[in-house]
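>>> Provided below for reference: sequence and predicted model.
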Amino acid sequence: MSRRQSLSESHHHFTTDSEAIRAKQEAKAFELGIPACPDQYIYNNRNLYAIWKEKVALLLGRRLLAFSDGEPLLDYCKALVTGNDSSMRAIFAATWLRRQPFPDLNPLPPELSLLDFIASVRAERDSFQSRMREGTTMCLEATGAEYAWPEGDAATVARQYCTEVREGKIAAGELIQRACDRFLKFLEEGATRGFHFDPVAARNAVTFAKVFCGLENLMPWQTWVLCSIFGFKKPWGGRLVTEAWVSMGRKNGKTRFASMLGLFLLIADQEKYPEIYAASCAKEQSRIVWKDARRAVTDNPELANYVSKFAGELTIKATEGTFKPLASEEKSFLGTRPSGVIADEVAAWTDRLAWDTLIQGQVSKLQPLILAITTAGETKQSFGFEKFSWAEKILRGIVQADHVFAAIYSIDATDSHKDLAALRKANPSLGITINEENLQKQIAALDDNPSAVNNFLQFHANVYPEKALSRAGSITPAKWDLCTGFDLIGCNNPLEATAKFIALNKDTPCYVGVDIGLTSDLSAIAVVFAKARFAEGAAPIKRPVVIVQGFIPEIGLLEKERAWQVPLSQWAREGWLQLMPGDMADPSLIKKEIYETHVQLHVREVGFDPWGFSVAAAEINQGGITCVGVPQTVKELSAPSREMLGAINSGKLVHFGNPYLSWCASNVVFVENEKNSGVKPEKLSYAEKIDAISAIVNAWHRLLAEPPISQWDGNVRWI
């Protein structure tokens, strides 16, 4: 077994399987292992923490330390700090003096030096292309062997974590479930998407955290994040992920974790002249991550010898590398060329100027990385919420951005913020870095102090208070995702699936709906099939299918993209949106598209919003295509709206994953009218468009209005 293999499989048997270790720590098992420290903030007391680690190593080396020794070991260390010799002797005599050594079932591997580790990272990078295989996502081991998913290895732990989230064994909110599904999908389909997974790189990142930064008991979620950021690579060897977003409740250990990642980028990332910055909007906030990194350097002798510490800066002479804190209030972002940025508490950043300045400064770097860590902010009117919404759209598949990793730990909209089980979704380190009993006390105190609920939602449920009070869309993402229809069409690429479907259904009756936007707004044409065929030679089946084409004026496109926080230009390049010349909606272009659709498909009728399209509709009627105005009233839109919602909730609708349509679906609210209980589509806000849904409802209106298509075979039968 090679040295690196030995390290990957066990730095010690009690540090490889975090879930099993945590269970033994909680049970205070009397067997060889590192106990959980009863003082979860011990690392803030440098002297006490250093002594704790020293005594852990000493007792572990003698095989005398048990998972059950947390309290006596902490008392022993405190007595040592205060110089209470009698107490020290009494604790040692009562706990370890007569204890027989535990059997060493899995001895420590040879000591790994920092220079050896840096060399192993260099070898990992140099050998990548020889270990990469076309058509396969997983790369080979450093030895050239197939990766066998060894127990306790970084990639294995990450995959197991995501699998357990998917299976419901680990409490997780909808967005983390989606993030884990995305990770597993990337492992399966990475090669077809143009990237690969390097288990050696993932292992190196985790090894650095455990061996050099004092994170021996790395939690599964932390291993998953490291594997997601460092494991996926482009064919030339550079990291796939250049932007990472990690959001969760306070005190879950994300700051210390981020400081470790910053040190890896400074020391081992092979970037020429590395510049690492801990960035925030306030000076003191920006120094928190940097101070944790400085403490890690101080606590590890090898790091202390390799990294020089100055007031406000960590440096490496050999590479001219630097790690500094920066604050936007000091205007210190200008002129930087960061290879790595730890953006702390982004929810408090008031605007995007600092972020954009840092991103633009990375253009000269080979494989830059920006990691944002944050808890929810106070208001949605902020850059932080803008980025949160962007990450949410990525996880929901509305935005395609493989270079972005997003992990948003928060409770779901249907969860109670007073339910400790639900709060685990926002606090993946609950019970480890967060004391459950203390959190329960804060929950109980909310009954006496209702005004504290907003702060509790923000800090411990990781929810923007304003978002908790705002309306939610009527179409749940989970229901919508079940309607892609990829299994029916035999293709999981939205563009290819749509093209294949249209080719199969040129003679299938369908209905067209039109929604014209206000002047410079979006417009949409929707085609609705009541039943359709999904394979060559197959008979049509009764499954409603919707195909949508969007339209947008080309002038002002990028401004709208920034304001609405969706990739309009990408959708235009892919063909989901068609650009209209000028800065206004052009009914003549919509009319031309309807003519072309009529030629290509068997269109029975066109339903349209009379506002802004009546003249064009009259011209289309004269051309032999039946156009019918659909008044945008509750009376007219209730039936088609309910039919569409019913098809979605039952999983019968098929939409083939059109991202523009998916975005509109996430924005629509069907508000019930108090007078007649009717419904019609409305948007959540001005920036959250629903044109595609409105066009579908207009088409569905005509589908319901048409009499059933005759099945008469021409023969007369007498009864």
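Ah, there it is.
>>> So which residue is dead centre in the protein?
Central residue of the chain (CA atoms, centre = their mean): residue 406, 2.6 Å from the mean position.
>>> For that one, which non-adjacent residue is closest in space?
Leaving aside its chain neighbours, residue 406 sits nearest to residue 391 (3.9 Å; criterion: CB to CB, 6 or more residues apart in numbering). C-beta: built from backbone N, CA, C; applies to glycine.
>>> My reading is that the residue nearest to the centre of the chain lies in a helix. Confirm?
No - assessed with DSSP: H, G, I helix; E, B strand; the rest coil, residue 406 is strand; it does not lie in a helix.
>>> longest strand anywhere in the chain?
In terms of residue count, the longest strand belonging to the chain (DSSP state E) is strand 545-553.
>>> just to revisit the earlier point, quick one: contacts for the residue nearest to the centre of the chain?
Taking CB atoms under 8 Å, 6 or more residues apart in numbering, we find residue 406 in contact with 175, 179, 244, 245, 391, 392, 394, 395.
>>> Which of those fall within strands?
Using DSSP E, those in strands are 244, 245.
>>> where in the stretch 551-700 of the chain is pLDDT low?
Scanning the stretch 551-700 of the chain for pLDDT under 70 picks out 673-676.
>>> need the strands for it, in chain order.
Shown for the stretch 551-700 of the chain, the strands assigned by DSSP state E, counting those that start in this stretch span residues 577-580, 602-608, 627-629, 668-672, 679-683.
>>> Residue 113 is nearest to which of those?
Nearest to residue 113, of all the strands of the stretch 551-700 of the chain, is strand 577-580, at 55.3 Å by CB to CB.
>>> Show me what the closest one is in contact with.
Strand 577-580 is touched from outside by 522-523, 549-554, 557, 568, 571-572, 586, 589, 593, 660, with contacts defined as CB under 8 Å, 6+ apart.
>>> pLDDT at residue 67, what is it?
Looking at residue 67, its pLDDT is 89.
>>> related to what we said a few turns ago, neighbour-wise, which one of the contacts of strand 577-580 leads?
Compared across the contacts of strand 577-580, residue 523 has the highest neighbour count, 30 neighbours, by other CB atoms under 10 Å.
>>> remind me, longest helix of the protein?
Longest helix of the chain, by residue count under DSSP state H: helix 174-193.
>>> and the residue nearest to the centre of the chain, what are its bridge partners?
Going by DSSP bridges, residue 406 is paired in beta bridges with residue 245.
>>> Just want to check the distance between it and residue 139.
24 Å (CB to CB, to the nearest Å).
>>> Could you do residue 683 as well?
Here the distance between residue 683 and residue 139 works out to 46 Å (CB to CB).
>>> now residue 704
On the measure of CB to CB, residue 704 and residue 139 end up 54 Å apart.
>>> More neighbours: the two, which one.
Taking other CB under 10 Å, residue 704 and residue 139 do not tie; residue 139 has more neighbours (24 against 12).
>>> Dihedrals phi and psi, that one?
When quoted as degrees, to the nearest 10, the phi and psi of residue 139 stand at phi -80, psi 170.
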